[in-house]
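S.K.: Sharing a model prediction with you, sequence too.
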Amino acid sequence: MNQVCLDAWTPSGQVSARLQGALGVLELTRLEAMNALTLGMVRDLTHALRQWAQASEVQAVVILGRPDCRGRPVFSAGGDVRFLHQAARQNPSELEAFFNEEYALNHLVHHYAKPVLALLDGPALGGGLGLAQGAKLRVVNERSQLAMPETRIGLVPDVGSNAWLSQLPGRLGEWLSVTGQALSAGDAIELGLADVFVPAADWDAMVRELLTGHQPHAEHVVATVMERAALAPMPQQLGHRAAIDRHFGQASLADILRSMAEEPDSPWALATRAQLASNSPLMMAVGLALVRRSRGLSLADTLRLERSVMQHAWTPGMRGEPCEALEGIRALNIDKDHAPRWQPADVAGVHADAVEAFFADVWVPAAHPLAALI
């Protein structure tokens, strides 16, 4: 396997970019942090993809994550939240660069002219799932966990996720956005968020063939996966569709909780309410509004809308003021006391004008950092 020359590029050392015949291989290798994406990794991925787009010898690309330090499978745990926390306090320009370039990368993957395969072994969360969703062939197994859990750390689903969340049947998009619920392989395939199931027992052989076998053209790459494809397991989280549509179709977050409270004997409603109790009330309400406002938008317009919302979400922290994201990351990832002090502390304190403020224009259209996306 040949290491790819990235011109004068200075790589992060956390992405392995190499060629295997006609296949470009992008492997996330930040093992100590579950392949959480850094700005350097985003730039490595972007640079390799742009270079390979112009290389006739590259006919397909595969993106995968190397197992973590303990040997556990992982695609990517999302964006590097510790970096985001530090950058918001010390270097806001790096924070803004991360979001601008990460969103542009996701747009690039969605519109890539050559087949991109994403091998989702283990967790694919947040920014990791956003990266994978643009792939033409998304491959999962029994260990796969797909989620947008941002409301748990005081943020909202982004990286283009609202483009596909808003298109899910019924109110599944609202449910996934607000709760951060993880989906299994069967759930993901049922909802069109994954394409092929390859059993874990056959996974290593598939990866070995892709990374070391003869890959003369794109059709052979795809065949390497498809010859090991099997019937996906039954969905694990979609057995309550009627309840999800009934409750998460309510007008507001308060109405959603009130609706579930009217079913005190429902184990599912009780569990879901408990799940929501640990998330940021304000950002759940913003996430609910965001997925609904994204319906009917193009991917580029969705990314621009998400980018503006995220600018509002981080601006207090960049000014040294209380910030839901800083507090959530502190509680779950830094101090790890798992006791975030949300503001407001409960859904009753969330007012419509506070939610609406997240949708105020940050830039005039021509000055938007993602204005060039089409």
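M.R.: Sure thing, it's come through. Numbering: from 1, shown residues only.

S.K.: need the strands for the stretch 151-300 of the chain, in chain order.
M.R.: Counting by DSSP state E, counting those that start in this stretch, the segments of the stretch 151-300 of the chain that form strands are 196-197.

S.K.: residue ranges of the helices in it, please?
M.R.: Using DSSP state H, counting those that start in this stretch, the helices assigned to the stretch 151-300 of the chain run over residues 161-165, 172-179, 185-190, 200-212, 218-226, 241-248, 253-261, 267-277, 281-293, 299-318.

S.K.: for the third one, packing partners?
M.R.: In this case it means helix 185-190. strand 137-140, strand 196-197 (3 or more C-beta pairs under 8 Å, 6 or more residues apart in numbering; DSSP states H and E). To be clear about C-beta, it is placed using only N, CA and C from the backbone, and glycine gets the same treatment.

S.K.: Please repeat the previous calculation with a cut-off of 7 Å.
M.R.: strand 137-140 (3 or more C-beta pairs under 7 Å, 6 or more residues apart in numbering; DSSP states H and E).

S.K.: Pairing partners for the strand it packs on, with directions?
M.R.: strand 116-120 (parallel), strand 196-197 (parallel) (DSSP bridges).

S.K.: Name the surrounding residues that touch the longest one.
M.R.: The reference is to strand 116-120. Residues outside strand 116-120 that contact it (C-beta atoms under 7 Å, 6 or more residues apart in numbering) are 60-64, 75, 109, 132, 134-140, 144, 146, 194, 207, 221, 225.

S.K.: Same question for the last one.
M.R.: Counting contacts by C-beta under 7 Å, 6+ apart, the residues outside strand 196-197 that touch it are L137, V139, V140, N141, A185, I189, V225, M226, A229, A230, A232.

S.K.: of those, buried ones?
M.R.: By neighbour count, with 16 or more other C-beta atoms under 10 Å, the contacts of strand 196-197 hold L137, V139, V140, N141, A185, I189, V225, A232 as buried.

S.K.: Just give me the closest of those to L373.
M.R.: Closest approach between these and L373, by C-beta to C-beta: L137, at 23.3 Å.

S.K.: How about that closest one, nearest residue that isn't a chain neighbour?
M.R.: L117 (4.6 Å; C-beta to C-beta, 6 or more residues apart in numbering).

S.K.: what about that neighbour, neighbour count?
M.R.: 24 (other C-beta atoms under 10 Å).

S.K.: Look up how far L64 lies from it.
M.R.: 8 Å (C-beta to C-beta, to the nearest Å).
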